[in-house]
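J.: Need coordinates for the following:
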Amino acid sequence: MKYRPEIDGLRALAVVPVIMFHAGFELFSGGFVGVDIFFVISGYLITTILIEDIENNRFSVLNFYERRARRILHALFFILIMCIPFAWLWMLPSQMKDFSAAIFSVSVFLSNFYFMSQLDYFAPVAELNPLLHTWSLSVEEQFYLFFPPLLLLFFKRSRRLAFISLCVMLLLSFIFSEWAWRENPERSFLFSLNRFWELFSGSITAFIVQKRGVQKSNTLSSLGLSAILLSIFFYDQGTPFPSFYALLPVCGVILLIIFASKETLVARMLSTKVFVGLGLISYSAYLWHQPLFAFARIRLINEPSVWTMLFLSVISLFFAALSWRYVEKPFRDKKVSRKIIFTTFPMISICFILFGLYGYKSEGFYSSMVNLQYSGEKSVEAKKVFEAINDDMYSVNPKSVELFEGLEEVIQAMVTEKESFYYESFNTLFFEPKVSFIKDCFMFRDKDHFSKCGEKLIAKEVPPNFLDRFF
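T.: Now for the predicted structure:
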């Protein structure tokens, strides 16, 4: 397959908006469409490789999945390993339970279904999950579980049959996505079948380019770029997605792939060193950004400032460059043998699966976390506090509130007090990361830190003996 630097530049155009969107920059209100751009690019590149392998009688399922493993697993595993110590240090047991479940689902490439069952992708609480972004990797791997053998089956009959079959499956997936967002908009965003048509779009584009080659058209390539930019800057969380609206960025990518030959202005721009460099590290950047943002939001008292998020965005690119150089590249360049790939990776996956299962079954390593940080009477008191938290990340079990003198009064005061950050509703209080008064109470931070939280809210409402119950 001939290398096209503008495709790497297109990857940069996908990852940067995603990072900016998750960082909370309103200018990139539609930055989530970067994932859709990735899907189309992935479908195009993988299908191109598969067609060439099939036509040259060198297609092998083993080779295909080896390439996939070299492409994604080592960097993904590295990020999971980096997340675990910070999750252990900064998360509540209930959060650690969810994190453990996420690690399990990521390890078996079902994280999109897990997150789909747990939360709304655009809800504020979603920002606190370090592995939320892995849903797209799961969608891709589910697609590539059946796509290569299916393409081979159709292709053996005829190239025309393969092309028509892909068009039919694209249409069915698109129709389903239109129905799904109307029936259940909160869940449809992460559902695999709603996304497969975007990957099929890339596959069909591969057939077109294989037959006719890359065309030169400044007009159509510029139109494609404009379509992508419009969706990035004018779509927002209220835009039904994926749906008919997803056609804008998807068709934009298709136009760029087909008509942005190296002589066009768009291809020249996307082929510059900055765009290509960002494109090369785009996968690692995608993996790094969400854990950095989530742990910052978990750790800080208030919502991180614009400058903090901008700094973390830059840091994610710096870490991505290091990951690409020292983690991704050695595996992709086949400096690591196939034997190591097929023996080590399954073992690592099993370790993550066991970690996730144990963490979930033990209620987020409940006893281990409490006993490690506290001893004696403090451990007993700590367990009482954690027992007041139910499976919902920041909600309080009403039956256990009576364990804590004054706690109910504090909560009600925080909800109703006009001077506090949020007073609209109980759910707003607990699901907005800016408010960490109760969270810090549960996390047993030092008294000075706890007092600072109280001063920012309504410390005057805390009974005199309230703090003494926790220290």
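J.: Now stretch 72-83: average pLDDT?
T.: If you average the pLDDT over stretch 72-83, you get 94.
J.: I misspoke; the intended subject was stretch 326-339.
T.: Averaged over stretch 326-339, pLDDT sits at 80.
J.: Quick check: buried residues in the longest helix along the chain?
T.: For the chain, the helix with the greatest residue count under DSSP state H is helix 61-90. By neighbour count on 16 or more other CB atoms under 10 Å, the buried set for helix 61-90 is 64-65, 68-80, 82-84, 86-88. Where you see a C-beta, it was placed from the backbone N, CA and C, and this is true even at glycine.
J.: Next secondary structure after the host helix or strand of Leu322?
T.: Element membership of Leu322, judged by DSSP states H and E, is helix 306-323. As assigned by DSSP H and E, the chain's next helix or strand after helix 306-323 is helix 329-332.
J.: helices or strands next to that next one in the packing?
T.: Using 3 or more CB pairs under 8 Å, 6 or more residues apart in numbering; DSSP states H and E, the elements in contact with helix 329-332 are helix 61-90.
J.: how does it look with 10 Å?
T.: Contact here means 3 or more CB pairs under 10 Å, 6 or more residues apart in numbering; DSSP states H and E; on that basis helix 329-332 packs against helix 61-90, helix 338-361.
J.: Taking the centroid of this protein, which residue is nearest it?
T.: Nearest to the geometric centre of the chain sits His133, at 0.4 Å (CA atoms, centre = their mean).
J.: Need the pLDDT of the residue lying closest to it once chain neighbours are set aside.
T.: Using CB to CB, 6 or more residues apart in numbering and skipping the chain neighbours, the partner closest in space to His133 is Gln290 (4.2 Å). Note for Gln290: predicted pLDDT of 96.
J.: pull the CA atoms of the helix or strand encompassing Gln290 into PDB?
T.: Element membership of Gln290, judged by DSSP H and E, is helix 282-299. Presented in PDB, the C-alpha positions along helix 282-299 are these (Å, rounded to 0.1, in the frame of the first residue of the first chain):
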ATOM      1  CA  SER A 282      -2.600  10.400  17.100                       C
ATOM      2  CA  TYR A 283      -3.300   7.000  18.500                       C
ATOM      3  CA  SER A 284      -1.100   7.500  21.600                       C
ATOM      4  CA  ALA A 285      -2.500  11.000  22.000                       C
ATOM      5  CA  TYR A 286      -6.000   9.600  21.900                       C
ATOM      6  CA  LEU A 287      -5.100   7.100  24.600                       C
ATOM      7  CA  TRP A 288      -3.300   9.600  26.900                       C
ATOM      8  CA  HIS A 289      -5.700  12.500  26.900                       C
ATOM      9  CA  GLN A 290      -8.800  11.100  28.700                       C
ATOM     10  CA  PRO A 291      -6.900   9.600  31.700                       C
ATOM     11  CA  LEU A 292      -5.000  12.900  32.300                       C
ATOM     12  CA  PHE A 293      -8.300  14.900  32.100                       C
ATOM     13  CA  ALA A 294     -10.200  12.500  34.300                       C
ATOM     14  CA  PHE A 295      -7.600  12.200  37.100                       C
ATOM     15  CA  ALA A 296      -7.200  16.000  37.100                       C
ATOM     16  CA  ARG A 297     -11.000  16.400  37.600                       C
ATOM     17  CA  ILE A 298     -11.000  13.700  40.300                       C
ATOM     18  CA  ARG A 299      -8.000  15.100  42.200                       C
END
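J.: low-scoring pLDDT stretches of this protein, where are they?
T.: Judged by pLDDT under 70, the chain has its weakly predicted residues at 119, 123-124, 301, 367-471.
J.: For Gln237, find the nearest of the helices and strands packed on helix 329-332.
T.: helix 61-90 (25.5 Å; CB to CB).
J.: distance between that closest one and the chain's centre?
T.: 13 Å (CA atoms, centre = their mean, to the nearest Å).
J.: Can you name the next helix or strand after that helix?
T.: Next element after helix 61-90 (DSSP H and E): helix 93-107.
J.: Which neighbouring elements make contact with that following helix?
T.: For helix 93-107, the packing partners by 3+ CB pairs under 10 Å, 6+ apart come out as helix 61-90, helix 111-118, helix 135-157, helix 338-361, helix 366-373, helix 376-387, helix 437-443.
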